[in-house]
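# Sequence below, structure please.
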Amino acid sequence: MTILDMIVETKRQAFSPSQTPTLTRAAVSVQTKTSTENAFLFALSSNSKNINIIGEIKPCSPSAGKLLKDDQLDSILEVYKRQCAAISVLTDEKFFGGSFELLAYVKEKTGLPVLCKDFIVSDKQIALAKQHGADAVLLIAKVLSEPELISLFEETRRQNLIAVVEVNNESDVAKVNSIEAEIVLINNRNLDTMQIDLETTVRLAPMLKGDAVIISASGVTTRNDIRKLSKTTCNFLIGTSLMQSESLEKQLTEFKRETRVKICGITNAEDALMAVIAGADFIGLIFAQASQRRVKLEVARQVRTTIGNNAKVVGVFQNQDIEFVNRVAKELDLDYIQLHGEEDRNYIEYCNRPVIKTLSYNAEVETLRTLAGVSNLSYLLFDAPKESVKQEDVEENLIRFANRLRSIKESSIPSFFIAGKLTPDNVAFSIEMLKPFAVDVASGVESAPGVKSQELVRTFCVNSSTT
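Just a heads-up that it's a prediction; the model follows:
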């Protein structure tokens, strides 16, 4: 008997006709908050162009053991509330440590649409899910006969819930195609062998009839996994990797974001760590002599040690001696050298690290062509013209620059960063207009020159992922 067989048999015994569900106080308090419009379906279908993450609350699992520490739940829910479209809650108690009371708590605490994820074999489980505030329930095609699936599917409709029907193979798909499922979850894990294959989503999705919303689940652990599957679906249910994450906010931001974020002008290790936790991909340390955010080498060393390999470290220089630049880059093990002055092609070729070269939005086409093909040049960074000092000019400059880029698209332009008075309020617009590799911000996320605001940094990173 497999672990799946054991779980399903336990459920059938617990919810036999002689058993009756108990309506708890938590259930009563949530029951009145259900809506006539299903929030779970709406959350996924109304945001069909962006990545939707369904974060899971899974206290433990038979394979991974305990996943949720006693003091973690509220902090995880705070992050889920900011980053996720919906939440999945394991309600099985014996094998996964969950409960319907946990589901009610999650619903009450976050207000997000909630999926009751369980091995449902009885109408009574659906009633309990409804009573404890669920918006959707999981029906696993593999563990149900076709008549059972149809019956339970109809019961979810009677309860004004949405059935998320899980499939893993062609046989499951055949069952689902016999009903009008609004949402189909494709489980990349084979429940017989427990092996994971992301190609399962790609293979099964075209076999589904109708226009059901598709969720891919199991084995999605990196942004590359999401990118691989994004042509098939934009909805991903992620459990164990989130529960085990040491940097939950950063991981979720990374899952959703196409555009990278550079937080520049970091002046202390505390701000660097905060930015990395919020989701920054690049940390900028300024060594240019004229900058009020210039850092000393001992501070830069502290930053490098503190963040380790959790983000790329960029040293920013301006018209400085190449020997000094290379010495600092080697000593700090910089990932990139950013050149913010008049440095030419020859200068770039002498740098001992990959280079990010800053240019004005108004840079001549000939300058772009001159830099094309420099082996040491990884990225360009386009900054607003120096004469553009007003915040209200930002969007106009971005539009003008976007039109200019389109007009010179025949030129060989490397992947680029965008900078120039970006803030949490306008970063989404800049990404929409220019589709840059990364956005770069310094003063736009500060409470004072050189002092980063945790709230502004976090909001900037979040807004960079929601375009």
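# got the phi/psi numbers for the residue lying closest to Gly219 once chain neighbours are set aside?
Closest residue to Gly219 apart from its sequence neighbours, by Cβ to Cβ, 6 or more residues apart in numbering: Ile196 at 3.8 Å. Backbone N, C-alpha and C define where each C-beta goes, glycine included. Dihedral angles of Ile196 (phi, psi; degrees, to the nearest 10) stand at phi -110, psi 130.
# now the closest residue to Thr221 other than its chain neighbours: how far from Asp70?
Once flanking residues are discounted, Thr221 sits nearest to Ser241: 4.4 Å by Cβ to Cβ, 6+ apart. Distance of Ser241 to Asp70, computed by Cβ to Cβ, to the nearest Å: 21 Å.
# out of the two, which sits in the busier spot?
Ser241 (15 against 7; other Cβ atoms under 10 Å).
# For the more buried one, give me phi and psi.
Dihedral angles (degrees, to the nearest 10) for Ser241: phi -60, psi -30.
# tell me the contacts of the residue nearest to Thr221?
For Ser241, the contact set (Cβ atoms under 8 Å, 6 or more residues apart in numbering) comprises Val220, Thr221, Gln251.
# pLDDT-wise, what's the bottom of these?
Minimum pLDDT for the contacts of Ser241 is recorded at Gln251 (86).
# Can you name the next helix or strand after the host helix or strand of it?
If you go by DSSP states H and E, Gln251 is part of helix 248-256. The helix or strand immediately downstream of helix 248-256 is strand 260-263, counting by DSSP H and E.
# so where's the stretch 351-467 of the chain uncertain?
387-392, 409-412, 466-467 (pLDDT under 70).
# any idea how far Ser247 lies from Phe429?
For Ser247 relative to Phe429 (Cβ to Cβ), the value is 28 Å.
# no wait, Asn362
For Asn362 relative to Phe429 (Cβ to Cβ), the value is 20 Å.
# Write down the beta-bridge partners of Phe382, one by one.
According to DSSP bridges, the residues that bridge with Phe382 are Leu359, Ile418.
# ok, it - how many residues close by?
Other residues close to Phe382 by other Cβ under 10 Å number 24.
# picking that back up, so which of the contacts of Ser241 is surrounded by the most neighbours?
Highest count within those by other Cβ under 10 Å belongs to Val220, 24 neighbours.
# Can you name the residues that contact it?
Neighbours of Val220 in contact, by Cβ under 8 Å, 6+ apart: Asn188, Leu198, Ile226, Leu229, Phe236, Ile238, Ser241.
# What residues sit buried inside the strand or helix carrying the third one?
Of the helices and strands defined by DSSP H and E, Ile226 is found in helix 223-229. Of the residues in helix 223-229, those with enough neighbours to count as buried (16 or more other Cβ atoms under 10 Å) are Arg223, Asp225, Ile226, Lys228, Leu229.
# do the same with stretch 194-210
Applying 16+ other Cβ under 10 Å to stretch 194-210 flags Leu198, Thr200, Thr201, Val202, Leu204, Ala205, Leu208 as buried.
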